[in-house]
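Student: The sequence isn't on hand, but the structure is:
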C-alpha cells in the first residue's frame, strides 16, 4: 500500500508538468503558436544545426567506436574515460571550455583568426556545442554495440578473405545496427535539447543561433504561449525518440541470436 | 596437394607451445582442453601471432620470422570451421556460403544437401545443418588448407555419431591438407588414421589410432586413448544384433545398429581375462597369448592379441598371468560400441 502510494506520487510528479504543457491552452492554439516567426526560426536553426552535428557525430563516431571496441591498445581505458568525461561535465563548464578553446583569445582562437574564421556567436558555434555534448553519448553506446558483436564472427569474415573494410561493412556494422540506432537516437535527442553550452558559446540570436530550447527560454517573458508550444513540440519529439529506442530490438532481433555461446578458445 | 608446414613457438600463460608438423591429408590434433590445440589453428589462420617460427603452404610462406613475413588472415588460403561455426546470423545460408566466394556456392549448397535451407537464417538450423553450412562456407573460397576446431563438440550425442561418419567421408574426399582439432580421442580416431596427441603445448606422440592405443609412450597417451578399436565389416544378424567380421576373420557381436566398415570400440575395463573359455554371459571371446603386462596404479594392463584389457592387479596375481601364456579375453556385446569408418 505504502509502496503503491510512493510509486503513484513520483509518477504524478513526473507526469503532471508534462501534461500541463498540453492542457494550459487548447491544442489548436499550440499548433498555431508553432507557426509564429520566432518558433519557425528556432525550428529551422535547431533542425539545421542538429542534422549537421549529428552527421559529423555518426561519420566520425562510428569508426572511432569500432576501433575502440575491437582493438586492445595501450591506454584504451584512458581513452574511454576521456570520452565519458563530457557526459558528466556540467553544460556551463562545456560552454566555458569551448570558449577557452575556440574563443577569440582562446587556445586555437588565434590560429582560426589568422584564417579569418571566428566561431563564437555563429551557427558553427551551435554545431560545435551540440557535437561536444552529444558525441560522447553516441560513441560510448556505439562502443558497447560493437563490443556485443561476437568476435568470432569478425574473425570468420577475415578467414573468408574479407579485408578490414569489407568485414566492417558486411559483418560488424549490420550486426551492431540495433545498438547503433539506439545510440544515434539518444545522442540526437541529447543534442536537440542542448542549452547551457550553446547559450554561453553561441549566444541566443533569433534565426542564427537561437535553437528550440533557447527560444523557449527567450519567450518565457515575452510570449508564454509560444514557449508552451515549443515545449510541447519537444515533448512529442522526445516521445518519438523513446519509442524508436524501445522498438528497435524487435526488428533487429537477429543480433541476439548470433550471441549464442560464443567461441571458446582454450589456452587464451 | 601442397603440404602445410607448421613449425612455431609461442609462450602462453602456463606453458610454452611448440609445434612442428607437416600436414598433407587429414590429420587430427587431439588433446585435453587447454593444451594449445585451438591456438595452433588460430596461428595457422593468422588470427594469432607466434613468437617465432614458420607457417607455409607448399613453398608459399604465410608467416616466417626470419623472412619477416606475416600475412593477414584474409591473405592466407585457409578455410577455418569455428567450434560454434560462427555463421553470420544476419545472412541467409546462401549468403553465408557465398561470403567467401560467390561462384562455387551453388555447387557447394547442392553437394552438402543444404540447398533447401538456402533462404533460412542460421538461427533456424539444427546443429548438424549448421556444421554443413560452416563447412560449405569455408570451402567456397577454394582454400589451400582446411582447419576444423572441435567440429563435433557443438552437436548432441545422437547427431554426433551420424555426423562423425559423414565428416570422415567428406574430409577424406577433399584432397586438401586438413587439420582437425578435438579433445576426444574417439572423434579423432573416427575422422582420420593420423593423430597427433598434444599436451601442455607439446606434441607427445603421433600415429594411427591403433598405434596410440597399442603402444602409448606416455601415461597420458595411455589414459587418453583408453579404448581398443578393432576395424571390421559389420552386418545385421537376424536377432537384432550386429556381427562384425574383423580383419583376421574372427567374429564379434555388438548391440549397436550399424553396417559397413566400422571400428569396434571396447574399453579395456570391459574386458575380462580367463585361463579357459568361460561359460558366462559374454558373447565375444578372443584367444591369444599375452604380449605384455604393464601395471597402471592398482590395475594391470594386459595385451592379448589385438586387445588391451585392464584387470585388478590382484586378479592378475591370482591367475598367475605371465607373458607368452595363452588366455581368453572376453567382453560383452553390449559393451562393444561401433563407430563408422566409411
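Tutor: Great, that's in hand. Not measured: the values here are computed from a predicted model.
Student: Now for chain B: which helix has the highest residue count?
Tutor: Counting residues, the longest helix found in chain B (DSSP state H) is helix B:157-174.
Student: Now do the helix or strand that comes right after that helix against helix B:157-174: the angle between them, please.
Tutor: Note on helix B:157-174: by DSSP states H and E, the next helix or strand toward the C-terminus is strand B:178-182. Angle, strand B:178-182 to helix B:157-174, by axes from the mean of the first three to the mean of the last three C-alpha atoms, to 10 degrees: 160 degrees.
Student: For strand B:178-182, name the packing helices and strands.
Tutor: Using 3 or more C-beta pairs under 8 Å, 6 or more residues apart in numbering or on different chains; DSSP states H and E, the elements in contact with strand B:178-182 are strand B:26-30, helix B:37-45, strand B:145-149, helix B:185-191. For glycine as for every other residue, the C-beta is placed from the backbone atoms N, C-alpha and C.
Student: got the contact list for the second one?
Tutor: So that's helix B:37-45. Residues from elsewhere that reach helix B:37-45 (C-beta atoms under 8 Å, 6 or more residues apart in numbering or on different chains): A:155, A:159, A:265-268, B:4, B:6, B:8, B:10, B:12, B:17, B:19, B:29-31, B:48-50, B:55, B:62-63, B:73, B:76, B:78, B:80, B:83, B:145, B:147, B:149-150, B:179, B:181-183, B:198.
Student: from the chain's centre, how far out does the lowest-mean-pLDDT helix or strand in chain B sit?
Tutor: Using mean pLDDT, DSSP states H and E, helix B:219-225 stands out as the lowest-scoring helix or strand of chain B, at a mean of 74. Distance of helix B:219-225 from the chain centroid (C-alpha atoms, centre = their mean, to the nearest Å) equals 15 Å.
Student: residues in the stretch 51-200 of chain B within reach of chain A, list them.
Tutor: By the rule C-beta under 8 Å from any C-beta of the partner chain, the part of the stretch 51-200 of chain B lying against chain A is B:72-74, B:76, B:78-80, B:82-84, B:86-90, B:99-101, B:121-123, B:137-138, B:140-141, B:149.
Student: In contact with the residue nearest in space to the middle of chain A, which residues?
Tutor: The residue lying closest to the centre of chain A (C-alpha atoms, centre = their mean) is residue A:187, at 1.7 Å. By C-beta under 8 Å, 6+ apart, the residues touching residue A:187 are A:54, A:57, A:134-135, A:137-138, A:141.
Student: mind listing which of those are in strands?
Tutor: Secondary structure defined by DSSP state E assigns none of the contacts of residue A:187 to strands.
Student: tell me which element the residue lying closest to residue A:148 once chain neighbours are set aside is part of?
Tutor: Spatial nearest neighbour of residue A:148, excluding adjacent residues (C-beta to C-beta, 6 or more residues apart in numbering or on different chains): residue A:179 at 6.4 Å. Assigned by DSSP H and E, residue A:179 belongs to helix A:173-192.
Student: Now name the helix or strand holding residue B:212.
Tutor: Short version: residue B:212 belongs to helix B:209-214, going by DSSP H and E.
Student: counting contacts, what elements does that helix pack onto?
Tutor: Packed next to helix B:209-214, using 3+ C-beta pairs under 8 Å, 6+ apart, are helix B:185-191, strand B:195-199, helix B:219-225, strand B:228-236.
Student: Where among these is average confidence lowest?
Tutor: If the helices and strands packed on helix B:209-214 are sorted by mean pLDDT, helix B:219-225 sits at the bottom with a mean of 74.
Student: That one and chain A in contact?
Tutor: No - Helix B:219-225 does not reach chain A (C-beta under 8 Å from any C-beta); its nearest approach is 15.4 Å.
Student: which residues in chain A form helices?
Tutor: Using DSSP H, helices in chain A cover A:2-23, A:27-34, A:37-70, A:76-88, A:91-102, A:109-114, A:123-147, A:151-159, A:164-167, A:173-192, A:196-201, A:212-222, A:224-251, A:254-257.
Student: Of these, which is nearest residue B:296?
Tutor: Among the helices of chain A, the nearest to residue B:296 by C-beta to C-beta is helix A:151-159 (39.7 Å).
Student: Just the angle for the closest one relative to helix A:173-192, thanks.
Tutor: Using the same axes, to 10 degrees: helix A:151-159 against helix A:173-192 is 120 degrees.
Student: Going by neighbour count, which residues in helix A:151-159 are buried?
Tutor: A:152-159 (16 or more other C-beta atoms under 10 Å in any protein chain shown).
Student: so what does the least confident helix or strand of chain B touch, helix or strand wise?
Tutor: For helix B:219-225, the packing partners by 3+ C-beta pairs under 8 Å, 6+ apart come out as strand B:195-199, strand B:202-207, helix B:209-214.
Student: Kindly compare burial across these and name the winner.
Tutor: strand B:195-199 (a mean of 23; mean count of other C-beta atoms under 10 Å in any protein chain shown).
Student: so how far is that one off the chain centroid?
Tutor: The answer for strand B:195-199 is 10 Å, by C-alpha atoms, centre = their mean.
Student: mind listing what the nearest residue to residue B:209 once chain neighbours are set aside touches?
Tutor: Nearest residue to residue B:209, sequence neighbours excluded (C-beta to C-beta, 6+ apart): residue B:189, at 3.6 Å. Residues near residue B:189 by C-beta under 8 Å, 6+ apart: B:195, B:209, B:229, B:263, B:339.
Student: gap between the two ends of stretch B:65-74?
Tutor: 19 Å (C-alpha to C-alpha, to the nearest Å).
Student: That one: which residues count as buried?
Tutor: If you call a residue buried by 16+ other C-beta under 10 Å, then stretch B:65-74 has these buried ones: B:71, B:73-74.
Student: can you check stretch A:164-182 too?
Tutor: By 16+ other C-beta under 10 Å, the buried positions in stretch A:164-182 come out as A:167-168, A:170-182.
Student: Smallest gap between the stretch 1-150 of chain A and chain B, at which residue?
Tutor: residue A:150 (7.0 Å; C-beta to the nearest C-beta).
Student: and residue B:20, that's in a helix?
Tutor: No - counting by DSSP: H, G, I helix; E, B strand; the rest coil, residue B:20 is not part of a helix but strand.
Student: I'd assumed residue B:4 was in contact with it.
Tutor: No - using C-beta atoms under 8 Å, residue B:20 is not in contact with residue B:4; the gap is 11.9 Å.
Student: Show me which of these two is the more surrounded one.
Tutor: Each of residue B:20 and residue B:4 has its neighbours counted (other C-beta atoms under 10 Å in any protein chain shown); residue B:4 has more, 25 against 12.
Student: Would you check how far apart the more buried one and chain A are?
Tutor: 15 Å (C-beta to the nearest C-beta, to the nearest Å).
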